[in-house]
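*Asks:* Structure for the following, please:
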Amino acid sequence: MKTDVLFYEIFKEIPNIFFELIGQPNINSNAYEFTAPELKQTSLRLDGVFSTRQEFFNQPLYFVETQFYKDEEFYDRLFTGIFLYFSQYKPLNSDWYAVVIYDRRSNEATLPPRYRALVEPHLRRFYLNETEEATEESLGLKIVRLVVASQQRTGELAKQLVSRAREELADSLIQQKVIEFIETIVVYKFPNMSREEIEAMLNISLLRETRVYQEAAEEGELRAKVKLVPKLLQKGLSIQEIADVLELDIEEVRRVAREQ
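*Replies:* Numbering: from 1, shown residues only. Next comes the predicted model:
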């Protein structure tokens, strides 16, 4: 799994982490939706965009790119993609920022002079290996650091984060997602280790057997099924057929259908 995919999943599921990273922890993340829009008639796809929900159009857009290798054409693609997005999606927002997350400064390409006018008002760059590690740093920022931690530090840091997630996150579903993110990052960094070895490293195997974890997994599965109901209704399936296909209670399907 590429690092841009890791960050996409992290920011999509727990958007507060992004706003903490850019130094704006008080922004209302519920005002935003994180997507990876495809730009029509081109081979370009933006890593991710925090676009505002309709009623929050007075807030800025955030275009997010992660760059962990040097690419001299990066800024050309970035700004081309942003202006194509404006042309195709025509957002109402009057302000925007391009946020580029580098693992280290040495992987940043030279910024072409033609883009200098965009730097001060719109470009924000973050170098993960240069950000100061505070003792009281949030769990979210610690997870971001895990992506760029050395292999020697990864195991112990990941174990600490799993323990911290269990202590700090009261919502069992959020706790499950965070622990799975941590595990996914470790899998990415240790591709030759089996899932069982990684679970043992992080002391996760016993956690999976707990009632709270299993209930959270069941809740997440239920939510995923419920999200499919409107799509299946649009395809012409009856309420009974949807209940049978998704193995849902028919009253739950009726409730979702009424809300459409």
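*Asks:* all strands of the stretch 1-150 of the chain, in order?
*Replies:* Per DSSP state E, counting those that start in this stretch, the stretch 1-150 of the chain carries strands over the ranges 32-35, 48-52, 61-67, 96-102, 123-127.
*Asks:* Distance from the shortest one to the middle of the chain?
*Replies:* Using Cα atoms, centre = their mean, to the nearest Å, we find the averaged C-alpha position of strand 32-35 to lie 9 Å away from the chain's own average C-alpha position.
*Asks:* Mind giving me the packing neighbours of it?
*Replies:* Contact partners of strand 32-35 among helices and strands, from 3 or more Cβ pairs under 8 Å, 6 or more residues apart in numbering; DSSP states H and E: helix 3-13, strand 48-52. All C-beta spots, glycine's among them, are computed from the backbone N, C-alpha and C.
*Asks:* now the last one
*Replies:* Contacting strand 123-127 under the criterion 3+ Cβ pairs under 8 Å, 6+ apart are the following elements: strand 96-102.
*Asks:* which ones are touching Phe126?
*Replies:* 21-22, 99-102 (Cβ atoms under 8 Å, 6 or more residues apart in numbering).
*Asks:* Most neighbours among those residues, which one is it?
*Replies:* Neighbour counts for the contacts of Phe126 (other Cβ atoms under 10 Å) peak at Ile101, which has 25 neighbours.
*Asks:* Dump the strands of the stretch 1-150 of the chain into a markdown table; add mean pLDDT and distance to Thr154 as well.
*Replies:* Formatted as a markdown table, those follow (pLDDT from 0 to 100; distance: least, Cβ to Cβ, whole Å):
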| stretch | mean pLDDT | distance to Thr154 |
| --- | --- | --- |
| strand 32-35 | 94 | 26 |
| strand 48-52 | 96 | 24 |
| strand 61-67 | 96 | 18 |
| strand 96-102 | 97 | 18 |
| strand 123-127 | 96 | 19 |
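*Asks:* so which of those gets nearest Glu259?
*Replies:* strand 32-35 (18.8 Å; Cβ to Cβ).
*Asks:* Pairing partners for the closest one, with directions?
*Replies:* Here strand 32-35 has these sheet partners by DSSP bridges: strand 48-52 (antiparallel).
*Asks:* Pull the residues that contact the partner strand.
*Replies:* Outside strand 48-52, the residues touching it (Cβ under 8 Å, 6+ apart) are 7-8, 11-12, 15, 18, 31-37, 59, 61-65, 85, 89, 91, 93.
*Asks:* coming back round to it: looking at the helices and strands packed on strand 32-35, which is buried most?
*Replies:* strand 48-52 (a mean of 22; mean count of other Cβ atoms under 10 Å).
*Asks:* between it and strand 61-67, how big is the angle?
*Replies:* Orientation check (axes from the mean of the first three to the mean of the last three Cα atoms, to 10 degrees): strand 48-52 against strand 61-67 gives 170 degrees.
*Asks:* Right, I'll leave it there.
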